[in-house]
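**Q** Sharing a model that was predicted from the sequence below.
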Amino acid sequence: MMRGFKAIFLAMVLPMGSAIAEEDVAPIGDAERGAELYKQCSGCHMVGPDARNRTGPPLNGIFDRKAGAIEGFFYSKGLKRAAADGLIWDLEHLDAYIENPKALVSGTRMSFRGVKEAQDRRDVLAYLRLFSDNPQNIPEAAPTAQAVEVALSPEVLAIVGDAEYGEYLSSECKTCHQRDGSDQGIPSITLWPEEDFVIAMHAYRKKIRPHPVMQMMAGRLSDEEIAALAAYFAKLE
Amino acid sequence: MKLNRRAFVGTGMAAASTLAAPNVHAASHGKPKVVVVGGGAGGATAARYVAKDSAGEIDVTLIEPSRSYYTCFFSNLYIGGFRDLASIEHSYGTLASEYGINVVHDWAVGVDRDAKTVSLAGGGAVPYDRLILSPGIDFVDGAVPGWDVTAQNAMPHAYKGGSQTELLKAQIAAMPEGGTYVMVAPPNPYRCPPGPYERISMVAHVLKATNPTAKIIIADPKEKFSKQALFEEGWQKHYGGMIERIGPDFGGGNVSVDPAAMTVDIDGEVVQADVVNVIPAQKAGLICDAAGLTEGNWAPVSGHTMQSRMDENIHILGDATNQGDMPKSGYSANSQAKVAAMAVRGALTGSRVFPAKFSNTCWSLIDTEDGVKVGATYEATDEKIAKVDGFVSQTGEDAALRKATYEESIGWYEGITSDMFG
Ligand SMILES: Cc1cc2nc3c(=O)[nH]c(=O)nc-3n(C[C@H](O)[C@H](O)[C@H](O)COP(=O)(O)OP(=O)(O)OC[C@H]3O[C@@H](n4cnc5c(N)ncnc54)[C@H](O)[C@@H]3O)c2cc1C
């Protein structure tokens, strides 16, 4: 049944008489396998005809929806902030989110350890997109459909940061982020687990996390500098 | 002329330093001494970072005449009724009590660069191993014919914080129904590029509620201004028909004023006004010139360390400098202060020195919960501080994003003021 749907979908998006062979259009993933994998999500998120708010919001029409947009759902401050920053649930951001929710949205209430395998994520997303009203919007084969990995190589995660350098670099953070951990208007950066911090900064650098100031700040930090900052912040605790 | 001035200051100092001889000696013996002139965005930050990061290894003296620092940032929000005055007032108490900084409330009136001392208006001289100057701006004499500082009560600039801002707000409140507010905007470069236009937004916000038939005129010598598309969109949306900007093509750069008559002559057309906010052309705070550290109106510095190009024992920060691409803002001054503090500690205590990194973001409020921002990152090259990357808010953004941007600015204000004053 799933495969049937996919075939119909491909027929719709492909221009009539197109020379593109079917295998040139990479589907997101295997929706049938995704339906199985979705069981780890279904405890909190409903999807399908009668889906409504549970622990998490329903996922019908999730593709290309603005983050934080389900009426009546009580979103975390972090998610509301990301939404205001312009987070849209396109393929790339959904992929980043289910890989590691906290790396994309600090303070999210979605306490889920993430789906580490890229193929698994693609399959779950292929399943979810069956429930999006307007699947034509999803650039199935466009370059943007190539998921950007938030996953960092073990070498990058293993860099031992120079905490003294990190202290100097951190002075730049403190122009806006308050030392006492207040988070009015601007999120707090104290008491942040080192690895989450590193992943979040890389996600800004790759412009996966939305927010122009942070993308710009992180954009010019090297792997070593991100590690240095993390080492310094870790030392504070 | 500069040399004479310096020689003069130097002679004055010679006498003073005889009196203060023990102090002068202390500079070359005991702990290294850093003197900071100006307790604003640049100076307070620099003093705090040198004191904090040297953990007692360096003696820090901060010379600042005022006991309270009223930030210019958010002073427009005070004018617009979004902040009260107390919320933008800061004292130097924590810098003294928690960071051990010797806060001297006095004016620095001269620098003897050979003897390495700063003379004070109240008499005496303070010796330094490294001097950090962050005196902000002063106004160029004769920039707006008819205006000088003796006219600042009739026609306030409100471009230095505190009483001037209060005065301008009171004058706006006292405007007659349907009255006229004129701003004489400054030429580049000046402190806070979006500042005059945020001010116009806040004045319009107040008048729309209290005096909706009032008019606002801006006489502007500049073709373009910071965040122009965003401001113009916002003015159209919130204050349609209230604000008229006369650019240089229509004589906005050819302005004189008569403070006694409360008139502004814009390219031959005389406007009778109720409030005239004159923001004249600007230059480095006078102490820079007195110390012989300026070239033209500003003090040239190296971006690697913020050292004066004319004296390696002196670092200059913030609005007073000619450094390259950074706008003159509180955020910039704060960012430069951290680079200077690191360089000063490196020179005096041998602590590690890292490559300079700079950034800036300026938020502006157009109307209630309608905030916008512009920002950039910078790096030091041999000839200047050069822009690396930047962004600016877009026209047509939705209300949720504008509100979040405004809320972010409140967070930034709390962050930077605690970074300055502890
Ligand atoms: C209306 C307005 C709005 C603004 N909004 C923003 C904003 O939103 N964001 C932003 O980043 N910036 C903003 N700014 C700009 C910001 O205020 C300045 O860029 C910043 O204060 C510059 O810091 P500074 O250290 O160079 O000078 P200042 O902060 O002005 O500090 C200079 C200090 O030196 C002291 N001083 C001067 N001469 C002497 C002397 N001879 N001896 C001893 N002390 C002396 C003065 O008393 C003063 O306290 C705004 C400015 C204005 C006018």
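**A** Thanks, I have the structure now. Numbers count the residues shown, from 1 in each chain, chains lettered A, B, ... in the order given.
**Q** Can you give me the domain boundaries for chain B?
**A** B:31-138+B:283-353, B:153-280 (automatic domain parsing).
**Q** does the shortest one come close to chain A?
**A** What that stands for is domain B:153-280. No. Against chain A, domain B:153-280 shows no contacts by Cβ under 8 Å from any Cβ of the partner chain, the least distance being 13.7 Å. Glycine gets a C-beta too; all of them are placed from N, C-alpha and C.
**Q** One more: the first one?
**A** Yes. Part of domain B:31-138+B:283-353 sits close enough to chain A to count as contact by Cβ under 8 Å from any Cβ, namely B:49, B:53, B:331, B:334-335, B:338, B:342, B:352.
**Q** In ChimeraX, how would I select the buried members of the residues you listed?
**A** Here is the ChimeraX selection string for the buried members of those, based on 16 or more other Cβ atoms under 10 Å in any protein chain shown:
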select /B:49,53,331,334,335,338,342
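**Q** Mind checking which of the residues of domain B:31-138+B:283-353 next to chain A land in helices?
**A** Applying DSSP state H to the residues of domain B:31-138+B:283-353 next to chain A, the entries found in helices are B:49, B:53, B:331, B:334-335, B:338, B:342.
**Q** Pick out the most distant pair among those residues.
**A** Largest separation among those by Cβ to Cβ: B:53 and B:331, giving 20.2 Å.
**Q** State whether residue B:284 and residue B:139 are indeed in contact, as I suppose.
**A** No. Residue B:284 is not in contact with residue B:139 according to Cβ atoms under 8 Å; the separation is 11.2 Å.
**Q** who has more neighbours, these two?
**A** The residue with more neighbours, out of residue B:284 and residue B:139, is residue B:284; 26 against 22, by other Cβ atoms under 10 Å in any protein chain shown.
**Q** partner residues bridging that one?
**A** Following DSSP bridges, residue B:284 is listed with bridge partners residue B:137.
**Q** Model confidence for it, exactly?
**A** On pLDDT, residue B:284 comes in at 98.
**Q** For the ligand, what is the nearest residue in chain A?
**A** Among all residues of chain A, residue A:175 sits closest to the ligand, at 9.1 Å; criterion: Cβ to the nearest ligand atom.
**Q** who's in contact with residue A:205?
**A** By Cβ atoms under 8 Å, 6 or more residues apart in numbering or on different chains, the contact set of residue A:205 is A:215, A:218-219, A:221, A:226.
**Q** May I ask you to name the longest helix in chain A?
**A** helix A:223-236.
**Q** Same question for chain B.
**A** In chain B, assigned by DSSP H, the helix with the most residues is helix B:399-421.
**Q** Is residue A:94 in contact with residue A:125, as I believe?
**A** Yes. At 5.8 Å, residue A:94 counts as touching residue A:125 under the criterion of Cβ under 8 Å.
**Q** how is chain A carved up into domains?
**A** A:2-147, A:154-236.
**Q** Report the separation between residue B:193 and residue A:197.
**A** 33 Å (Cβ to Cβ, to the nearest Å).
**Q** which stretches of chain A form helices?
**A** Counting by DSSP H, the helices of chain A are A:2-13, A:31-37, A:77-84, A:91-99, A:101-104, A:118-128, A:154-158, A:163-173, A:194-205, A:212-219, A:223-236.
**Q** ditto for chain B
**A** Using DSSP H, helices in chain B cover B:2-19, B:21-28, B:41-54, B:75-79, B:93-97, B:163-173, B:195-210, B:228-239, B:286-290, B:330-349, B:399-421.
**Q** Pick out the most distant pair among the residues of domain B:31-138+B:283-353 next to chain A.
**A** B:331 and B:352 (25.0 Å).
**Q** so where is the chain shaky, pLDDT-wise?
**A** You didn't say which chain, so I picked chain A. In the predicted model, chain A carries pLDDT under 70 at residues A:1-26, A:133-151, A:237.
**Q** Sorry, I should have been clearer: chain B.
**A** Scanning chain B for pLDDT under 70 picks out B:1-29.
**Q** ok, residue B:319 touching residue B:333?
**A** Yes. Contact criterion Cβ under 8 Å: residue B:319 and residue B:333 qualify, at 6.7 Å.
**Q** any shared contact partners between those two?
**A** residue B:42.
**Q** residues contacting the residue in the stretch 51-200 of chain B that chain A sits nearest to?
**A** Ranked by Cβ to the nearest Cβ, the top residue of the stretch 51-200 of chain B for proximity to chain A is residue B:53, at 7.9 Å. Listed by Cβ under 8 Å, 6+ apart, the contact set of residue B:53 reads A:167, B:341-342, B:345, B:351.
**Q** Between these, identify the one with the most neighbours.
**A** Going by other Cβ under 10 Å, residue B:341 tops the contacts of residue B:53 with 30 neighbours.
**Q** Against residue B:135, how distant is the spatially closest residue to that one that is not a sequence neighbour?
**A** Among residues not flanking residue B:341 along the chain, residue B:49 sits closest, at 3.6 Å (Cβ to Cβ, 6 or more residues apart in numbering or on different chains). Remark: distance between residue B:49 and residue B:135 (Cβ to Cβ) = 18 Å.
**Q** What residues are bridge-paired with residue B:266?
**A** Going by DSSP bridges, residue B:266 forms beta bridges with residue B:255, residue B:269.
**Q** Go ahead and confirm it touches residue B:254.
**A** Yes. Judged on Cβ under 8 Å, residue B:266 makes contact with residue B:254 at a distance of 7.2 Å.
**Q** Same drill for these two, tell me which one is more crowded.
**A** Remark: of residue B:266 and residue B:254, residue B:266 carries more neighbours, 21 against 15, as counted by other Cβ under 10 Å.
**Q** of all the domains of chain A, which gets the most neighbours per residue?
**A** domain A:154-236 (a mean of 19; mean count of other Cβ atoms under 10 Å in any protein chain shown).
**Q** how long is it end to end?
**A** 24 Å (Cα to Cα, to the nearest Å).
**Q** For residue B:257, give me its contacts.
**A** B:144-147, B:151, B:155, B:184, B:263-265, B:276, B:278.
**Q** Distance check, it against residue B:174.
**A** With Cβ to Cβ as the criterion, residue B:257 and residue B:174 are 19 Å apart.
**Q** Residue numbers of chain A in contact with chain B?
**A** A:81, A:83-86, A:164-165, A:167-169, A:171-172, A:174-180, A:182-186, A:212-213, A:215-217, A:219-220.
**Q** can you pull the contacts of the residue nearest to residue B:341?
**A** So residue B:49 contacts A:171, B:337-338, B:341-342 (Cβ under 8 Å, 6+ apart).
**Q** Nearest to the ligand among those residues?
**A** residue B:337 (7.8 Å).
**Q** Identify the residues contacting that closest one.
**A** Applying Cβ under 8 Å, 6+ apart to residue B:337 gives the contacts B:41-43, B:45-46, B:49, B:132, B:134, B:317-318.
**Q** dump the residue contacts of residue B:358.
**A** Here residue B:358 is in contact with B:303, B:326, B:332, B:335-336, B:339, B:377-380, B:385 (Cβ under 8 Å, 6+ apart).
**Q** sorry, back to before: possible to save the contacts of residue A:205 as CSV with distance to the ligand?
**A** CSV is the format used below for the contacts of residue A:205 (distance: Cβ to the nearest ligand atom, whole Å):
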residue, distance to the ligand
A:215, 20
A:218, 21
A:219, 21
A:221, 22
A:226, 26
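**Q** Report the two of the residues you listed separated the most.
**A** Maximum pairwise distance among these (Cβ to Cβ): 13.6 Å, between A:215 and A:226.
**Q** Chain A against the ligand: which residues are in contact?
**A** For chain A, the contact set with the ligand under Cβ under 6 Å from any ligand atom is empty.
**Q** ok, now how distant is the residue nearest to residue A:46 when sequence neighbours are not counted from chain B?
**A** By the measure of Cβ to Cβ, 6+ apart, the closest residue to residue A:46 outside its immediate chain neighbours is residue A:58, 4.9 Å from it. Distance of residue A:58 to chain B, given as Cβ to the nearest Cβ, to the nearest Å: 21 Å.
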